[in-house]
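S.K.: Task: produce atomic coordinates for the following.
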Amino acid sequence: MTTTATVPLRSRVPGSTSARVDHIGGRRVVVVESDSDHHQGALRADDGARIVAAAETALRQRLPLVLVISSSGADIGEGVAALHGWGRAARAVVACSGVVPVLAVVDGPAISGPALLLGLADHVVMTDAAYAYVSGPNMVAEFTGEDVSPEELGGATNHSRHSGTAALLAPDRPTAIELVGDLLAYLPDHNDAVPEDLPTDDPVDRRCDEAGDLLPATPTGSYDVRALVRAVVDDDTLLELRSGWAPNLVTGFASLGGRPVGVVANQPQAIAGTLDIPASQKGARFVAFCDAFNLPLVTFVDTPGFYPGKDLEWRGMIRHGAQLAFAYARASVPRLGVTLRKSYGGAYIVMDSRSMGNDLMVAWPTAEIAVMGARQAAEILMRRGDDAERAAFVADYEARLLNPYVAAGRGTVDAVIDPGATRTVLCAGLDAAFTKRELLAGRRHDNTPL
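M.R.: Sure thing, here's the model as predicted:
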C-alpha cells in the first residue's frame, strides 16, 4: 500500500528550515525548505544539521533531494557555529551528487553559503522573487565602487542568461515546484535505477519529414534546431534547460518511444552553432548528469567548429573545450548521434563522434563532415592560387569531401539516412543499445578539466 502522507524530519528542532519526506509530481522526494519569514531564513547550526539529516535520508532511501531556498545566509549571531553547520550541509549535499538527483528551488534570497548550494545542485529553478549571489551589493560597492541592486547583481533573469545557474524560470513558488515535478518525470530516483517510461501514443515508426524541411537551401542559412528536435521526439515535447545561457547549444529532456533521453544539439540561430566556452561547459555538465542517472544521450550535430578569438583562447578555450570531449568520452550510457549539416574539425570530435565511443552515428545527405569547410581549406592549400584556381579547388573539395558518404565509407558514420526516417532510426537504435553495459574501472574518480 502506498501513501501520500508526509514524514517530518527533526521537526521539533528550532530553526528557519524544515525537512520532510514528501511527494512532488507523484514522486517521493526528500524536501528541505527554508523560511525567509523566520529570522530572514538565516541558517543556524541546527539548520545545517537538519540539511545533513535530510541529505542522509535521501541517500539511505535512494530518493531525490529537493532544496527550497530563501535564506539570507549563515546566522551572524551564531558566528563560526553557523559556518560549521553550513559546511556540514554542503558536504552532505556533495555526497548526494551522482547518487540521487539534487534539485533546488530559489524563491527569495540565496546569499553567501546558500548561494553556493545552488552550484552543488544538479538543476536550479528560480522564481521572479529570487536573487542569489556570494558577495552582496554592499561588498561590491566597497571593493569596486559600483552601486548595484540585488536584482541586477543576482536576479533570476541574469542567472538564466549570464551565469547559467538557473536551469528553469518560474513566476512563483507553486509553478517552480511543478517544474521540479516535470524534471523528475525524466529522472530515476537514484543512479542504480533507469528512468521509467513515459506514456505516449506517438508511433516509433512515424515519419518526421518536417524535420528535414527545416533545413535551409543554403549551407549558411539559419534555422531553429529546437523545432527539428521536437519533430523527431515523442509528442513534440522538449523540456529545454538553461535556454538563456549559451544558446548556441541546446540541452534538454525528451523521450523516444516512451524512453526518456537527454538531448544535446547545436543551435545555428546563435553564433552559427559554433562552440565557445559557455557552450562547452553547458554541454559537459549536462552530459555528465545524464551519464550519472542512466539517461541515454541523443546528439544533433550542426556546427562549423569552435568560435575563434583571442579572448576565448586566453580564457581557456582549450581546457573548457576539453570538458565536452571528456564528458562524452567518459559516458557509458547509450549514445546516438545525427549529423544534420556541418561537422568540422575539433567540433566534430567533441560532439560525440564515433571515435569518442558513440554507439550509433547516422547522417543526413546534407551532412558535411571534414577537417574544415571548402573555403577555409582553399585559404590554406591554395593561398598562392588565383581566383579561378581557388574556385576550382572549392568545387572539387565540396564534391569529393563535403558529403557524408566518405565518412560512411570509412565507418565513422554508420548510415546515411532519409531525414524523414530519423525518428524511426533513433528509436530502433535506442532499443538496440538500451541493454548496453560497460565495465567501469575501480578508481575513486577521474580528473575532469575544470
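S.K.: mind checking how far Leu118 is from Ser163?
M.R.: Applying C-beta to C-beta, to the nearest Å, one obtains 10 Å for the distance of Leu118 from Ser163. (C-beta placed from N, C-alpha, C; glycine too.)
S.K.: Which one of these two is surrounded by more residues?
M.R.: Neighbour totals were compared for Leu118 and Ser163, and Leu118 leads with 22 against 16 (other C-beta atoms under 10 Å).
S.K.: Please, which helix or strand holds that one?
M.R.: Element membership of Leu118 [criterion: DSSP states H and E] is helix 113-120.
S.K.: list the helices and strands the helix or strand following that helix packs on?
M.R.: Next along the chain after helix 113-120, taking DSSP H and E as the criterion, comes strand 123-127. Using 3 or more C-beta pairs under 8 Å, 6 or more residues apart in numbering; DSSP states H and E, the elements in contact with strand 123-127 are strand 102-111, strand 168-170, helix 173-184.
S.K.: before we move on, the earlier item: which residues are in contact with the helix holding Leu118?
M.R.: The set of residues that contact helix 113-120 without belonging to it, under C-beta atoms under 8 Å, 6 or more residues apart in numbering, is 34, 41, 43, 67, 69, 71, 73-74, 83, 86, 89-90, 93-94, 97, 102, 104, 106, 110, 124, 132-134, 154, 165.
S.K.: Now go through those residues and say which are in helices.
M.R.: The helices in this structure, assigned by DSSP state H, contain 83, 86, 89-90, 93-94, 154 from these.
S.K.: among the residues you listed, which two are most distant?
M.R.: Val94 and Gly154 (22.3 Å; C-beta to C-beta).
S.K.: Between these two, which has more neighbouring residues?
M.R.: Gly154 (26 against 12).
S.K.: which regions of the stretch 251-400 of the chain sit below the pLDDT cut-off?
M.R.: Applying pLDDT under 70 to the stretch 251-400 of the chain flags the ranges 371-400.
S.K.: Which member of the ones in helices among the contacts of helix 113-120 is positioned nearest Asp182?
M.R.: Lowest distance from Asp182 to the ones in helices among the contacts of helix 113-120 (C-beta to C-beta) belongs to Val93, with 22.0 Å.
S.K.: leaving aside the residues next to it on the chain, what's closest to the closest one?
M.R.: Across the structure, with C-beta to C-beta, 6 or more residues apart in numbering as the measure, the residue nearest Val93 apart from its sequence neighbours is Leu120 (4.9 Å).
S.K.: Please apply the same query to Ser11.
M.R.: The shortest distance from Ser11 to any non-neighbouring residue, by C-beta to C-beta, 6+ apart, is to Ser18 (7.1 Å).
S.K.: The one you found belongs to a strand?
M.R.: Yes - looking at Ser18 with DSSP: H, G, I helix; E, B strand; the rest coil, it is inside a strand.
S.K.: Which residue comes closest to the residue nearest the centre of the chain once chain neighbours are left out?
M.R.: Nearest residue to the geometric centre of the chain (C-alpha atoms, centre = their mean): Phe286, 3.0 Å. With sequence-adjacent residues excluded and distances taken as C-beta to C-beta, 6+ apart, Phe286 is closest to Thr251, at 4.2 Å.
S.K.: Partner strands of the strand or helix carrying that neighbour and their direction?
M.R.: Thr251 is located in strand 249-256, with elements delineated by DSSP H and E. Within its sheet, and counting by DSSP bridges, strand 249-256 is paired with strand 239-241 (antiparallel), strand 259-266 (antiparallel).
S.K.: what comes into contact with it?
M.R.: With contact meaning C-beta under 8 Å, 6+ apart, strand 249-256 is reached by 183, 186, 197-198, 200, 204, 225-226, 229-230, 232-235, 237-243, 260-267, 275, 279, 282-283, 286, 295, 298, 423, 426-427, 430.
S.K.: how far away is Arg259 from Ala55?
M.R.: Noted for Arg259: a distance of 29 Å to Ala55, by C-beta to C-beta.
S.K.: So between the two, which is more surrounded?
M.R.: More neighbours surround Ala55 than the other of Arg259 and Ala55, with 26 against 21 (other C-beta under 10 Å).
S.K.: what about that one, which SS state?
M.R.: helix.
S.K.: give the contact list for it.
M.R.: Ala55 touches 30, 65, 89, 92-93, 95-96, counting by C-beta under 8 Å, 6+ apart.
S.K.: Would you check that Ser16 makes contact with Asp47?
M.R.: Yes - under the criterion of C-beta atoms under 8 Å, Ser16 makes contact with Asp47 at 5.9 Å.
S.K.: Need the overlap of contacts for these two.
M.R.: Residues touching both Ser16 and Asp47 comprise Ser34, with contact defined as C-beta under 8 Å, 6+ apart.
S.K.: who has more neighbours, those two?
M.R.: Using other C-beta under 10 Å as the criterion, Ser16 and Asp47 rank with Asp47 on top: 30 against 23.
S.K.: that's a strand at the more buried one, yeah?
M.R.: No - the assignment for Asp47 (three-state DSSP) gives helix, which keeps it out of a strand.
S.K.: ok, what's across the strand from the residue nearest to Ser11?
M.R.: Beta-bridge partners of Ser18, counted by DSSP bridges, are Glu33.
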